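Chemist: have a look; sequence and predicted model below, questions after that.
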Amino acid sequence: MKKKSSKKKRKNLFVFLKEFFSDVLKERKKIIWTSKQSLIKYSIATLVFMIFICLFFVGTDLIVSLITYLKGLIG
């Protein structure tokens, strides 16, 4: 009766690397890159959103500072 080997046979390093990089190239061909027009559109939308959020927090900070200042004057 033969013992079953539980170890898997290891591949040669160069064979493994060749298969790995060929798979990477196959997957890279499946990537759908955005168009220049879409990239510009989404970049502008992101910048507008960031400016809006920045102004919101600056405004909130100014209001809280004003309330704190007025509270200090009153009492």
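Modeler: Thanks, I have the structure now.

Chemist: just how off-centre is the helix or strand that contains E19 within its chain?
Modeler: Here E19, judged by DSSP states H and E, is contained in helix 13-29. Distance of helix 13-29 from its chain centroid, counting by Cα atoms, centre = their mean, to the nearest Å, is 25 Å.

Chemist: what is the mean pLDDT for the following helix or strand past that helix?
Modeler: Once helix 13-29 ends, the next helix or strand along the chain (criterion: DSSP H and E) is helix 36-74. Mean per-residue pLDDT for helix 36-74: 96.

Chemist: return the distance of helix 36-74 from the chain's centre.
Modeler: So, by Cα atoms, centre = their mean, the centroid of helix 36-74 is 22 Å from its chain's centroid.

Chemist: middle-most residue in this protein, spatially?
Modeler: Central residue of the chain (Cα atoms, centre = their mean): T46, 13.6 Å from the mean position.

Chemist: tell me who's in contact with it.
Modeler: Taking Cβ atoms under 8 Å, 6 or more residues apart in numbering as the contact definition, T46 lies against nothing. For every residue, glycine as well, the C-beta is placed using N, CA and C.

Chemist: that one and F52, how far apart?
Modeler: As judged by Cβ to Cβ, to the nearest Å, T46 and F52 stand 11 Å apart.

Chemist: cool, thanks, signing off.
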